[in-house]
Each structure stands twice: as structure tokens, then as C-alpha cells.
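Visitor: Following is a predicted model, sequence given first.
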Amino acid sequence: MNYNNQHQTTPPPYYGGQSLTAQTNAVMKRVYVRMFIGLLISAFCALGVASSESALMFIFGNKLVFWAIPIAMIIMAIAIPAKLSKMSTGVCLLLFGVYAALMGVWLAPIFIAYRMGTIVYTFFITAGTFGAMSVYGYFTKTDLTRMGSFLMMALFGLIIAMVVNIFWANSTMEWVISIAGVLIFTGLTAWDTQQVKKLAAANLDPSMADKLATMGAFNLYLDFINLFIFLLRIFGGSRD
């Protein structure tokens with residue numbers, strides 16, 4: 001959700017021969033296309049690993065590999081926004097693709113833990129919720145900055161609660177965490193969409209606008225994935 005604190009100025013009426021609206025729409029189109037591609041990469045990687053017993057054993061039966069994947073994703077989630085201005089557009093896209101692939105590998109066990117019907121059902125609920133909140137974030141005239149700050153603080157609290165519950169293993173706490181996660185990432189979807197739209201309307205050079213599209217896709221991708229995971233925990237439908 002960090003957009004590298006790009007300096008924002010009042011945009012001119014036209015940019016590169018495009019109207020401001022056309023410029024914003026062009027960036028947002030790239031955001032959603034790249035986010036969709038990221039989701040496809042994750043889905044194919046998750047299905048591929050889940051369908052291979054040897055791949056599951058190699059990844060989840062090997063402690064080194066098991067911990068290397070989430071650590072790598074955490075490092076990438078911090079490094080990509082921090083180094084955005086110094087990266088080329090190609091490297092930025094490549095790293096997003098690698099992250100989506102790693103996320104897919106990490107999510108592979110859901111195809112074993114949950115019924116396929118529940119996964120599909122939850123996916124469509126997630127898509128509907130995400131779509132509605134993203135549309136709201138794009139068109140609302142309300143400044144969501146204060147809400148975004150509150151949601152980011154709530155997200156840190158959620159992470160702490162999740163870590164505590166790893167050791168506590170309380171089912172009621174897990175239920176509360178899942179509901180809180182849905183609410184937080186539903187709100188963050190609207191906020192991130194508005195943030196991307198604001199920056200897309202800024203006076204950016206084409207290369208930075210393209211990297212912004214990738215960063216926006218990355219943030220909205222994370223909102224979608226987390227919303228899906230928390231909803232899946234709520235709806236359950238495990239194979240047990």
C-alpha cells in the first residue's frame with residue numbers, strides 16, 4: 001500500500017497529447033490488466049503444485065524451502081516499493097510476476113484443505129466484493145486518506161493477533177481475525193484504488209506512469225488475495 005511517496009503536483013489539463021481523464025484511464029486499465037495476469041499466474045502455480053505430490057513434498061516437506069518462500073515474499077513486498085524509482089519497467093513487471101508465482105506456490109495447499117466448490121464460490125464472492133469496493137474507491141468524491149491511515153494501523157494489529165494465535169491456537173480468535181481481515185482488506189481495496197487514481201492523474205513521465213501501473217496492480221493484487229484467504233477461512237468447507 002506504499003506508493004513510494006511520489007511528489008504530487010496539480011496536474012496540467014493535458015499530458016502528452018492526452019486529456020487528464022484519458023491519461024488516468026490508460027494507467028488504471030494497465031493496473032487491472034496486470035493485476036488479472038498476476039492472479040492467473042498465482043492460480044496456475046497453485047494448481048500445478050497441488051496436482052503434484054512430489055512438488056508438495058519438496059516445498060512443504062522441506063523446512064528450508066518452506067520458510068524461504070514467505071521470507072522471499074516479505075523481502076520483495078518491502079523492496080519493490082522502496083526501489084521503484086530506480087527499477088526499469090521490465091524489472092518491475094518481472095518481480096511482480098515472480099511474486100505472484102511464489103504466492104501461488106504458497107497457496108497450493110488450499111486445493112487440498114478445501115473443497116473445489118467452496119474455493120470457486122469464495123472466489124466469486126471475493127471478485128464481487130473487490131469489484132464493488134474498487135469501483136467505489138475510483139468514483140467516490142470522499143477523501144479516503146484518514147480511512148486508509150486507520151486501516152493500515154488495524155492491519156498491523158491484525159498481523160500481531162495472527163502471530164499470537166499461531167501459539168495460542170484459539171478457534172474463536174481465528175474467527176475474529178478472519179472477520180477483521182475481511183473488513184480491513186475490503187476497505188483497503190477502496191483506498192488503494194483511490195490512491196492509484198490520484199497518482200495516475202499526477203504529472204508523471206511515461207516510464208514512471210508505467211511503473212505506477214505495476215505498483216498499483218501489485219497492491220490491489222495483495223488486497224484481492226488476502227480478502228480471498230480470509231473469506232475462505234470464514235466459509236470453510238474443508239475436506240475433513
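Guide: Nice, thanks for sending it over. Numbers count the residues shown, from 1 in each chain.
Visitor: May I see the buried residues of stretch 135-155?
Guide: Within stretch 135-155, the residues that qualify as buried are 136-137, 144, 148, 151, 154-155, counting by 16 or more other C-beta atoms under 10 Å. For glycine as for every other residue, the C-beta is placed from the backbone atoms N, C-alpha and C.
Visitor: Report the separation between residue 176 and residue 233.
Guide: 11 Å (C-beta to C-beta, to the nearest Å).
Visitor: more crowded one of those two?
Guide: Taking neighbours as other C-beta atoms under 10 Å, residue 176 and residue 233 compare with residue 233 leading, 17 against 14.
Visitor: In contact with the nearest residue to the more buried one once chain neighbours are set aside, which residues?
Guide: Counting by C-beta to C-beta, 6 or more residues apart in numbering, residue 233 lies nearest to residue 178, which is 4.3 Å off, once chain neighbours are set aside. Applying C-beta atoms under 8 Å, 6 or more residues apart in numbering to residue 178 gives the contacts 230-231, 233-234.
Visitor: Now with 7 Å, please.
Guide: 230, 233-234 (C-beta atoms under 7 Å, 6 or more residues apart in numbering).
Visitor: what helix or strand is it on?
Guide: helix 171-200 (DSSP states H and E).
Visitor: for that helix, which positions count as buried?
Guide: Along helix 171-200, these residues count as buried under the neighbour rule (16+ other C-beta under 10 Å): 177-178, 180-182, 184-200.
Visitor: Strands along the chain, start to end?
Guide: Taking DSSP state E to define them, one finds strands in the chain at 14-15, 18-19.
Visitor: so what's residue 232 up against?
Guide: By C-beta under 7 Å, 6+ apart, the contact set of residue 232 is 110, 114, 119, 122.
Visitor: Kindly indicate which of these lies nearest residue 50.
Guide: Of all these, the one with the least separation from residue 50 (C-beta to C-beta) is residue 110, at 7.9 Å.
Visitor: Brilliant, that's me finished.
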